[in-house]
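A.B. asks: Turn this into a structure:
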Amino acid sequence: MGATIAATPMSIGNASATPATATRPRLQSIDALRGLVMVVMLLDHVRETWFVHVPVADPIDAHTAPVALLIARLLVSICAPVFVALTGLGVYLYRANHTLAETTHYLLTRGLILMAFDVLYLSELYWGITTPTLWLQVIWCIGVCMIVLAALIRLPHRMLIAIGLVIVCGHNLLDPIRFQPGDPLFIPWALLHQRDAIVLPIGLTLKTTYPVLAWIGVILLGYGIGPWFGPSVDIRTRQRRLLRLGIAMLLAFVVLRGINVYGDKPWFVVADSPVRTVMSFLSMTKYPPSLLFLLPTLAAGVLLLVWCERFRDLPVVPALAVFGAAPMFFYLFHLTMLRILYHVALAMFGPNQGTVFGVGSYGWVLLWYVALIVPLYVPTVWFSRLKKRRRDIAWLKYF
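C.D. replies: Modelled structure (predicted):
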C-alpha cells in the first residue's frame, strides 16, 4: 500500500487529525518488512506447487511431519499475520495524508478489487483449477478486512484498539460453536470463524480457508500502532516501543502455551523424542489463526521491523523495500509463473505423484525456491519503480 505520513503530529487519542498537505516519503522499514514477507511467502507457494502431494495438516502433526517441513512452516507462518497487520498500519499512514472520505473510498475500492482478484483470477488459475471450487484465501480475507475497517474507521482510535484486542485474544472462546450445512447461521459463521465448505446451489463450492474474524482483529491492531510512526515520534522511541511490544508478545506466548489450557489445541509430550515434543509445542492452528499462532508471528514481525529500521543502511534493506513496494504485483505475478511452470512440467513429464506432478523430496523445493528468487525479483523491482515514477497512473496504486 502506498502509505505516506503527514507532517502534522498525531497522538493515539487523535486518529482523526486533519490531514496535512506536506508529506514524507514511504517508510523504508515498512516496505522492507513487507518485501521480506513476500520473499518468505514464495517458499510456501513453491511447496504448494511441487510438493502438494505431501499433505500438511493444520496444525502440523508432530508425530509424523518431517522436521524440515515444520521448520519451513514456522518460517512462512509470519507471512499472513505480518501482511495483514502492515495493511492496517498502511491504512493509518494513508489516512494521515487524506480525508476520511478519501480513505474510506480507498478501503472500499481496494477491498472489493482484492476480493474480485481472489475469486475471479486466483481461484481459477492456481487453487481450484481442476474443480468448480472457489478458495477464499488470504487476498479475499485482506479485502474483507479492509471493508470492515472502512466501516469502523470513524470510531475513536482507542476503541478500535480495544475491539482488535478483544477479537484477537478472545476469538478462541468461540471455537466450540459449530454449525452444520443447512443451519441458518452456517454460511455467515463459516465465513467468520469456522473453516468449512459452502456448497452453493449453482454448482460451486466456497472453501473458507481464511475465516475473517481473527484477521479483522489483526488489521485493527496494525492500524492501532499507526501513531508510533508519526513524524513527531523519535525513531529511537518507536524502536523501544516496538521492542517491548515484541518481547511482551513472545513472553505471553511462552506462558500461555506452557499453561496449555487456552489459545490453541493442547501440546503434548512425545515419549523419548524431545524434538517431537518441541514440535508439538510450536505447532499452532493457522486456519483460522489461534491466539497462540498470532502472538509469536506478530511478535516476529514487530522485531523484524525494528531490525529493518536499525540496519537500514545494509544493502539488503533498501533492496527488500523496493521489492515490498509492489506487493500485489508480486503476488499475482509469482503465482501465475508458478502455475505456468507447473503445467509445463506436467506436460513434459506427466503425473508422477498420483494425479499430479511433484518432486520427490523437500530439498528440491528449496532448490526451486532459491532458483526463482532472482527471476521473480527483477520484474517486481521494475514494476515498483514504475509505480513510484508514474504516480499519474491512478490504477498502479492498487498493486
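
A.B. asks: For the stretch 151-300 of the chain, which residues score under the pLDDT cut-off?
C.D. replies: Judged against pLDDT under 70, the stretch 151-300 of the chain has no low-scoring part.

A.B. asks: just the strands in it please.
C.D. replies: Using DSSP state E, counting those that start in this stretch, the strands of the stretch 151-300 of the chain run over 197-199, 205-207.

A.B. asks: can you list the ones you listed in CSV and add mean neighbour count?
C.D. replies: In this view, the C-beta of every residue, glycine as well, is placed from N, C-alpha and C. Shown next, in CSV, are these (neighbours: other C-beta atoms under 10 Å):
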stretch, mean neighbour count
strand 197-199, 13
strand 205-207, 18
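
A.B. asks: now those strands in CSV, with distance to residue 307?
C.D. replies: Formatted as CSV, the strands of the stretch 151-300 of the chain follow (distance: least, C-beta to C-beta, whole Å):
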stretch, distance to residue 307
strand 197-199, 40
strand 205-207, 36
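
A.B. asks: Tell me which of those sits nearest to residue 147.
C.D. replies: With C-beta to C-beta, the closest approach to residue 147 among those belongs to strand 205-207: 17.3 Å.

A.B. asks: Find the nearest non-adjacent residue to residue 301, please.
C.D. replies: Of all residues not flanking residue 301 in the chain, residue 82 sits nearest, at 3.7 Å (C-beta to C-beta, 6 or more residues apart in numbering).

A.B. asks: roughly how far is whatever helix or strand the one you found lives in from the heart of the chain?
C.D. replies: Assigned by DSSP states H and E, residue 82 belongs to helix 79-95. The chain centre lies 9 Å from the centre of helix 79-95; the measure is C-alpha atoms, centre = their mean, to the nearest Å.

A.B. asks: Show me what it is packed up against.
C.D. replies: helix 28-50, helix 100-117, helix 138-152, helix 213-224, helix 291-310 (3 or more C-beta pairs under 8 Å, 6 or more residues apart in numbering; DSSP states H and E).

A.B. asks: at 10 Å instead, please
C.D. replies: Under the contact criterion of 3 or more C-beta pairs under 10 Å, 6 or more residues apart in numbering; DSSP states H and E, helix 79-95 touches strand 5-6, helix 28-50, helix 100-117, helix 138-152, helix 157-170, helix 213-224, helix 291-310, helix 327-349.

A.B. asks: Quick check: which of these is buried the most?
C.D. replies: helix 213-224 (a mean of 25; mean count of other C-beta atoms under 10 Å).

A.B. asks: send the alpha carbons of it over as CSV?
C.D. replies: C-alpha atoms of helix 213-224 as CSV (Å, rounded to 0.1, in the frame of the first residue of the first chain):
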residue,chain,number,x,y,z
LEU,A,213,-12.9,-12.8,12.3
ALA,A,214,-9.4,-13.1,13.8
TRP,A,215,-7.9,-11.3,10.8
ILE,A,216,-10.2,-8.3,11.4
GLY,A,217,-8.7,-8.1,14.9
VAL,A,218,-5.2,-8.2,13.4
ILE,A,219,-5.8,-5.4,10.9
LEU,A,220,-7.3,-3.2,13.6
LEU,A,221,-4.2,-3.7,15.8
GLY,A,222,-2.0,-2.9,12.9
TYR,A,223,-4.0,0.3,12.4
GLY,A,224,-3.8,0.9,16.2
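
A.B. asks: Dump the helices and strands packed on helix 79-95 to CSV, plus distance to residue 365.
C.D. replies: Listed next are the helices and strands packed on helix 79-95 as CSV, based on distance: least, C-beta to C-beta, whole Å:
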stretch, distance to residue 365
strand 5-6, 39
helix 28-50, 5
helix 100-117, 26
helix 138-152, 20
helix 157-170, 32
helix 213-224, 27
helix 291-310, 21
helix 327-349, 12
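
A.B. asks: Which of these sits closest to residue 205?
C.D. replies: helix 138-152 (14.5 Å).

A.B. asks: rewinding a little: comparing the helices and strands packed on helix 79-95 by mean pLDDT, which bottoms out?
C.D. replies: Ranked by mean pLDDT, these bottom out at strand 5-6, with a mean of 32.

A.B. asks: residues contacting the residue nearest the centre of the chain?
C.D. replies: Nearest to the mean C-alpha position of the chain, by C-alpha atoms, centre = their mean, lies residue 80 at 1.9 Å. By C-beta atoms under 10 Å, 6 or more residues apart in numbering, residue 80 lies in contact with 37, 41, 44, 137-138, 141-142, 210, 215, 218, 286-287, 289, 293-294, 297.
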